[in-house]
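A.B. asks: give the three-dimensional model of this entry:
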Amino acid sequence: MKPDYKDALLLALDRGIAMPEGAWCMYNAINLQGLDTDWKQVLIFEQSLRPEVIKLESAESAVVPEFKGKEKLSGAIVLAGRNRKVNENNIIRAWNACRDDGQIIIAGDKTAGIGSLRKWISQKTEITDSFSKHHAVVFWFSKKGCEWEELSLAKEIEGYHLSEGMFSSDGPDKGSKLLVEHFDKRLGGPVADLGAGWGFLSNELLKRNSKVTELALYEADYNSLEAAKKNVHPYEGLTPTFHWCDVTSEFKKKPYQWVIMNPPFHSTRSADPELGKKFIQVAGSTLPSGGKLLMVANRNLPYEDTLNKVFRHFKVLEERDGFKVIEAAK
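C.D. replies: Presented below is the predicted three-dimensional model:
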């Protein structure tokens, strides 16, 4: 893999731009291979995505889905992602979490808008210095003065609670809307929603079908799952369960009658059909004989071979707007 902002950050830390003393937090954290042990001992790693959390836990890092420290930090590191508002809010949260004169370090790729992020910060406070390497930029500054007002990332669309940074944060996507049109009276018994997001499919299922006896939502993004707890409205006698889970690596099988899903197909910026194939395999592993999968996918994604291998048979119920709805039976 080509060097990037992670390598630039490690190099900057090795050159002593800050000292690993006191308590620090890394926002949007990932497991940095080669991170000095002294840094690992002072850092709390904030990460909401289970796959990244699993990597951090394997490296024996102190990781939380949301940092809520009671004491002021000595410093903070913010790894910039691709959502501008989330980046800005993480920097504001880091600023507010630090003590006066606490050091805040920002790292990001040049192609991810780190330049405009630096300009935004320079309008709020003085930047101490910067370091450029591996097509990435690392820069840092000290907290001085009052706290900054946090941004509001929350949204409410069509009655659903959403937030910037979630998948489909502008409301239900076309594929999910197409899938719910096929939530007819056949669906019932225990149901699993794999990759449940902020709960659109599960809530629409419960609105349409009172035969569901059990509903379990599995989602890798902690923030989306917390939103789902607000968005999924159970009917009398049914209480959904919510599982913060990497479906591809830590799903625990149980005999559901139906699985519904709009599986993810991006592991990075580019399409990764293997991710959707793994979801299909997990669905097949948990459904007993006679159990069924109902899913939607981009029409061009090559899932048919996997469906043939995992299920007794499958059929495409509908193709529209670039999506296909598939029903498969064990």
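
A.B. asks: from now on I want contacts and neighbour counts done on CA atoms only, so please keep to that.
C.D. replies: Noted.

A.B. asks: next structured bit after the biggest strand by length in the chain?
C.D. replies: Ranked by residue count, the top strand of the chain under DSSP state E comes out as strand 98-109. Counting by DSSP states H and E, the next helix or strand C-terminal to strand 98-109 is helix 114-122.

A.B. asks: residues of that next one that come out buried?
C.D. replies: Of all the residues in helix 114-122, those buried under the rule 16 or more other Cα atoms under 10 Å are I114, L117, R118.

A.B. asks: and what of stretch 156-174?
C.D. replies: Y160, H161, L162, S163, E164, G165, M166, F167, S169, G171, P172.

A.B. asks: what average pLDDT does that stretch get?
C.D. replies: Averaged across stretch 156-174, pLDDT comes to 93.

A.B. asks: determine which two of the buried residues of stretch 156-174 are furthest apart.
C.D. replies: The most widely separated members of the buried residues of stretch 156-174, counting by Cα to Cα, are Y160 and G165 (15.1 Å).

A.B. asks: pLDDT weak spots in this structure?
C.D. replies: 1, 266-271 (pLDDT under 70).

A.B. asks: if the residue nearest the centre of it is in a bridge, with which residues?
C.D. replies: Centroid check for the chain by Cα atoms, centre = their mean gives D221 as the closest residue, at 3.6 Å. Beta-bridge partners for D221, by DSSP bridges, are L49.

A.B. asks: repeat for W24
C.D. replies: L43, G75.

A.B. asks: right, and E57 touches V63 too?
C.D. replies: Yes - between E57 and V63 there is a contact under Cα atoms under 8 Å: 6.9 Å.

A.B. asks: so between those two, which is more surrounded?
C.D. replies: Relative neighbour count places V63 above the other of E57 and V63, with 22 against 14, counting by other Cα atoms under 10 Å.

A.B. asks: can you pull the contacts of that one?
C.D. replies: I44, F45, E46, Q47, V53, L56, E57 (Cα atoms under 8 Å, 6 or more residues apart in numbering).

A.B. asks: repeat that with 10 Å
C.D. replies: 25-26, 29-30, 43-48, 52-54, 56-57 (Cα atoms under 10 Å, 6 or more residues apart in numbering).
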